[in-house]
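A.B. asks: take a look and give me a structure for this.
(chains A and B)
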Protein chains: 2
Amino acid sequence: MAESPVESAVSSGSRAFDDPAYREAVVDLLAVIAYGELSAFERLADDAKLAPNLEDKVALSAMAAAEFGHLQPLRARLAEIGADAFLAMTPFRKPIDEFHEHTAPSDWYESLVKAYVGDGLAADFYREIAAYLDADTRDLIITSLADAGQSEFVVDRVRAGIAADPRLSGRLALWGRRLMGEALSQAQRVAAERDALTALLAGGIDRPGLDLAAIGRMFNRLTERHAERMARLGLNP
Amino acid sequence: MAESPVESAVSSGSRAFDDPAYREAVVDLLAVIAYGELSAFERLADDAKLAPNLEDKVALSAMAAAEFGHLQPLRARLAEIGADAFLAMTPFRKPIDEFHEHTAPSDWYESLVKAYVGDGLAADFYREIAAYLDADTRDLIITSLADAGQSEFVVDRVRAGIAADPRLSGRLALWGRRLMGEALSQAQRVAAERDALTALLAGGIDRPGLDLAAIGRMFNRLTERHAERMARLGLNP
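C.D. replies: As a prediction, the model looks like this:
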């Protein structure tokens, strides 16, 4: 059976780190995920204050704590490959902080939708990129993005909210589109500034990359999964 | 060898729950600890925003996440003994929320001292009470209050801050005394309102309790340990 391009990239994993550009891209990627999870922790812990009762507050706080729990293995891996985690995270503070500033939830339902749609979108995006990496890095990324099932709580609460007040649905649908737009605009900014990351996607001499058509297909997949999540919440994508 | 009063209370643990007043007191105690840890999580996650850099922010956030991690076993135990955790926590929201409102840190150093001195004091107090409980409850409480060593970070940062600006020491010493005073005043309020808890400390027919002299000695021990923590931070108690 012929190896897929992704499989051959993976099997050359241990050699991949000999290429300084590859290592730099992996440092960037682990760092942006780590800072994203640290920020998600902060925002979810903050948004938990909007919860209508103690049970819901604990549920959102549990999502916050789970995000923080993913940070340690990413830091450990960054240290292993000789990078300073805090230094590596620094370039990503501004775009991620701005994403959160531009998408500060104005109520409990907006914070629920953001937790579900925003984190889902980020996770899909990083998983797409992880497919082009060595097996160890890919596994670490996939584990870091695992959802421990708390998001079922969000689906339940948002659907109940819409059932109680159908007007909520239109407002939250707009909110979901705004989250997607802000996420794309910050992602483009990161792509424009971090050459190693974009070069990683473009591939190298012995590593297959994404051509324009493949990038187009990737964005289609991301958009489809975003629409599925919106539908699960009972919202028009 | 003669059994100590505490040992005999512990060995009668399984019978203890037949006494509705004992069960009610344990529910109160687990619930106040649980709500205290949920609040500590919220406040530490909030205070982490005051951190001067990303590394310190992560360290305080790790303390927050550790507090949240203790919540689950307490909730599980409350469910086991047939109590609704969220209902059980409700009477403790006001005193604990007020403690935090009255002790909102005005800067990073105040938040560090609060994390160390406030949590230490609460942990000492609950451990003192745990000595009068059945073995299972006592072990659960002691585990819930374990410090995963993150507080060494606080000692390091506060001492470095005082070395850099010796005037900090006087202000933080006052702050530590204020934390102690606010904690005592809210604890008294809880004691006045929760009869089962105070009855627990007073003992029962087959359970030894604390007489006034023993309560005095307990407060002495709490004060001494508070003074030791202040000294470790380089502060006059």
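A.B. asks: how about the residues of chain A by chain B?
C.D. replies: A:38, A:41-42, A:45-46, A:48-49, A:53-55, A:57-58, A:61-62, A:64-65, A:68-69, A:71, A:86, A:89-90, A:93 (Cβ under 8 Å from any Cβ of the partner chain). Quick note: C-beta positions are derived from backbone N, CA and C, even for glycine.
A.B. asks: buried ones among the residues you listed?
C.D. replies: Buried residues within the residues of chain A next to chain B, counting neighbours by 16 or more other Cβ atoms under 10 Å in any protein chain shown: A:38, A:41-42, A:45-46, A:48, A:54, A:57-58, A:61-62, A:64-65, A:68-69, A:71, A:86, A:89.
A.B. asks: list the contacts of whichever residue of chain A sits closest to chain B.
C.D. replies: Here chain A gets closest to chain B at one residue, residue A:45, 3.6 Å apart by Cβ to the nearest Cβ. Contact analysis of residue A:45 by Cβ atoms under 8 Å, 6 or more residues apart in numbering or on different chains lists A:61, A:64, B:41, B:42, B:45, B:46, B:64.
A.B. asks: the fourth one contacts residue A:51, correct?
C.D. replies: No - under the contact definition of Cβ atoms under 8 Å, residue B:42 does not touch residue A:51, with a separation of 10.8 Å.
A.B. asks: secondary structure and pLDDT added to the contacts of residue A:45, as TSV?
C.D. replies: Converted to TSV, the contacts of residue A:45 look like this (DSSP: H, G, I helix; E, B strand; the rest coil; pLDDT from 0 to 100):
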residue	secondary structure	pLDDT
A:61	helix	96
A:64	helix	94
B:41	helix	96
B:42	helix	96
B:45	helix	96
B:46	helix	95
B:64	helix	94
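A.B. asks: could you dump those into a markdown table and include distance to residue B:82?
C.D. replies: Shown next, in a markdown table, are these (distance: Cβ to Cβ, whole Å):
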| residue | distance to residue B:82 |
| --- | --- |
| A:61 | 24 |
| A:64 | 29 |
| B:41 | 26 |
| B:42 | 27 |
| B:45 | 31 |
| B:46 | 34 |
| B:64 | 30 |
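A.B. asks: what's the closest of those residues to residue A:34?
C.D. replies: Checking the contacts of residue A:45 against residue A:34 by Cβ to Cβ gives residue A:64 as the nearest, at 15.3 Å.
A.B. asks: so that closest one versus residue A:99, what's the distance?
C.D. replies: As defined by Cβ to Cβ, to the nearest Å, residue A:64 lies at a distance of 17 Å from residue A:99.
A.B. asks: touching stretch A:101-117 from outside, list them.
C.D. replies: Here stretch A:101-117 makes contact (Cβ under 8 Å, 6+ apart) with A:43-44, A:47, A:50-52, A:56, A:60, A:63, A:118, A:151, A:154-155, A:157-158, A:161, A:168, A:172, A:175-176, A:178-180, A:182, A:226, A:229-230, A:233, A:235.
A.B. asks: residue A:230 in helix, strand or coil?
C.D. replies: Assigned with DSSP: H, G, I helix; E, B strand; the rest coil, residue A:230 falls in the helix class.
A.B. asks: so who does it touch?
C.D. replies: Contacts for residue A:230 (Cβ under 8 Å, 6+ apart) come out as A:117, A:173, A:176, A:236, A:237.
A.B. asks: coming back round to it: buried subset of the contacts of stretch A:101-117 as a PyMOL selection?
C.D. replies: Buried members of the contacts of stretch A:101-117, defined by 16+ other Cβ under 10 Å, are picked up in PyMOL with:
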select buried, chain A and resi 43+44+47+50+51+56+60+63+118+151+154+157+158+161+168+172+175+176+179+180+182+226+229+230+233+235
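A.B. asks: which residues does the residue lying closest to residue A:83 once chain neighbours are set aside contact?
C.D. replies: Distances taken as Cβ to Cβ, 6 or more residues apart in numbering or on different chains put residue A:27 closest to residue A:83, at 4.5 Å, once the chain neighbours are dropped. Residue A:27 sits next to A:78, A:81, A:83, A:88 when contact means Cβ under 8 Å, 6+ apart.
A.B. asks: out of these, which one has the weakest pLDDT?
C.D. replies: pLDDT is lowest at residue A:81 among these; the value there is 92.
A.B. asks: not counting sequence-adjacent ones, nearest residue to that one?
C.D. replies: What sits nearest to residue A:81 in space, not counting adjacent residues and going by Cβ to Cβ, 6+ apart, is residue A:23, at 6.4 Å.
A.B. asks: tally up the residues packed near the one you found, please.
C.D. replies: Applying other Cβ atoms under 10 Å in any protein chain shown, we find 16 residues neighbouring residue A:23.
A.B. asks: what helix or strand does it sit in?
C.D. replies: helix A:20-47 (DSSP states H and E).
A.B. asks: low-confidence bits of chain A, can you list those?
C.D. replies: Judged against pLDDT under 70, the low-scoring parts of chain A cover residues A:1-14, A:148-149, A:204-207.
A.B. asks: rerun that using 90 as the cut-off
C.D. replies: A:1-22, A:119, A:125, A:128-134, A:143-152, A:184-219, A:236-237 (pLDDT under 90).
A.B. asks: how about the strands in it?
C.D. replies: In chain A, no strands are defined using DSSP state E.
A.B. asks: any idea where the helices of it begin and end?
C.D. replies: A:5-11, A:13-16, A:20-47, A:54-69, A:71-80, A:85-89, A:93-102, A:108-113, A:119-130, A:135-144, A:151-164, A:168-193, A:195-202, A:212-232 (DSSP state H).
A.B. asks: with distance to residue B:193 as new columns, can those be given to me in a markdown table?
C.D. replies: Formatted as a markdown table, the helices of chain A follow (distance: least, Cβ to Cβ, whole Å):
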| stretch | distance to residue B:193 |
| --- | --- |
| helix A:5-11 | 62 |
| helix A:13-16 | 61 |
| helix A:20-47 | 29 |
| helix A:54-69 | 18 |
| helix A:71-80 | 40 |
| helix A:85-89 | 45 |
| helix A:93-102 | 40 |
| helix A:108-113 | 30 |
| helix A:119-130 | 40 |
| helix A:135-144 | 45 |
| helix A:151-164 | 32 |
| helix A:168-193 | 39 |
| helix A:195-202 | 57 |
| helix A:212-232 | 44 |
